[in-house]
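Engineer: turn this into a model:
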Amino acid sequence: MLDKPVGITSNAALSRLKRKLSLRKAGHTGTLDPMASGLLVACLGQATRVAAYLLDADKTYQASVHLGLVTDSEDAEGEIIGRHEVPALDRAAVEAELAQFSGRIEQVPPMHSALKHQGRRLYELARAGQQVERPARRVVIHEIELTDFQPPVLSLHVRCSKGTYIRALARDIGEVLGCGAHLSALRRVASEPFHVADAVSLEALDRMPAEAVQARVLPADRALPHLPAIELSVEPARRVLQGQKLSDLDTAQKGLVRLYAAGQFLGIGELDGAGHLRPVRLFPIPLGPGGPGRQ
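Structural biologist: Got it, this is the predicted structure:
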């Protein structure tokens, strides 16, 4: 896990980690814009196979919203396109308006986003000076808390579902307060089940020997605590690792599960609720006479 600083892309931060560990294959589980800092969860080597299952994770942010200034990108990287007087607001009035953003809400994505319209990225259209209609998408704001209010800046704590644009949230807050706004700072502090307190800064990464960095790498299954665990005996484990389905399992569970044999993580499977299991993502390990992981 990396603590990305402001001013570089997520891919640039990931490249620093790859060079440190001499890796060819690595990915991350959710981009942070250059203006944003905080938690960047990196999946290394075979662990990239679980990256897709982390994209759905709830995320927690610390955000600063600057009232009265509207930008074309809805954040501090854009050009100012509107200046408005900020009304006299007290903390109670702001918190009352923020309450409407709690729970399931409809959110129109920003033009400066990677979503596609007729095969083209929205940010490409925005850079060409085009505006297109974007359908609202349903997202969930689990928590939104005003942590500080020093006009014209609101400081927020936000825990939200995947697909939530904090820039769009800042834009909408400015609209309901009647003065417009943009996102002036953003820090991701958590992407479940991980927290930035456990992440390594790039400065620390550069100082650490590769062995110390490698020692901080977590097993791939640590990313999947939300999936139930299934322990398989040796022969079913062999079949699963060969890509075969299993039948007549003594379980009525349904959905994705973590698979183990002899205490070792095999990968992800899916149960159908009738005792049938199919492998979904596997982590091949040696299968010797003693079972998985033994020669």
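Engineer: what number of residues lie near residue 103?
Structural biologist: 10 (other CB atoms under 10 Å). All C-beta spots, glycine's among them, are computed from the backbone N, C-alpha and C.
Engineer: quick check: bridge partners of it?
Structural biologist: With DSSP bridges as the criterion, residue 103 is bridged to residue 141.
Engineer: roughly how far does it sit from residue 58?
Structural biologist: Between residue 103 and residue 58 the computed distance is 14 Å (CB to CB, to the nearest Å).
Engineer: can you map out the strands along the stretch 151-295 of the chain?
Structural biologist: With strands called from DSSP state E, counting those that start in this stretch, the stretch 151-295 of the chain shows them at 153-160, 181-191, 194-195, 200-201, 229-232, 254-261, 264-272, 277-282, 287-288, 291-292.
Engineer: what's the closest of the ones you listed to residue 9?
Structural biologist: strand 181-191 (14.3 Å; CB to CB).
Engineer: can you give me the angle that closest one makes with strand 153-160?
Structural biologist: 40 degrees (axes from the mean of the first three to the mean of the last three CA atoms, to 10 degrees).
Engineer: for strand 181-191, packing partners?
Structural biologist: When contacts are defined as 3 or more CB pairs under 8 Å, 6 or more residues apart in numbering; DSSP states H and E, strand 181-191 sits against strand 36-40, strand 59-67, strand 69-71, strand 153-160, helix 166-176.
Engineer: any idea how far that strand is from the chain center?
Structural biologist: 13 Å (CA atoms, centre = their mean, to the nearest Å).
Engineer: what do you get for stretch 209-218?
Structural biologist: 22 Å.
Engineer: what's the answer for stretch 225-245, then?
Structural biologist: That offset, for stretch 225-245, works out to 27 Å (CA atoms, centre = their mean).
Engineer: return the set of buried residues in that stretch.
Structural biologist: 227, 230, 232, 234, 236-237, 240-241 (16 or more other CB atoms under 10 Å).
Engineer: can you tell me what sits against that stretch?
Structural biologist: The contact list for stretch 225-245 (CB atoms under 8 Å, 6 or more residues apart in numbering) reads 53, 192-193, 246, 249, 251, 253, 255-262, 266-269, 271, 276-279, 282, 284-285, 287, 291-292.
Engineer: any idea which of the strands of the stretch 151-295 of the chain gets closest to residue 10?
Structural biologist: strand 181-191 (10.5 Å).
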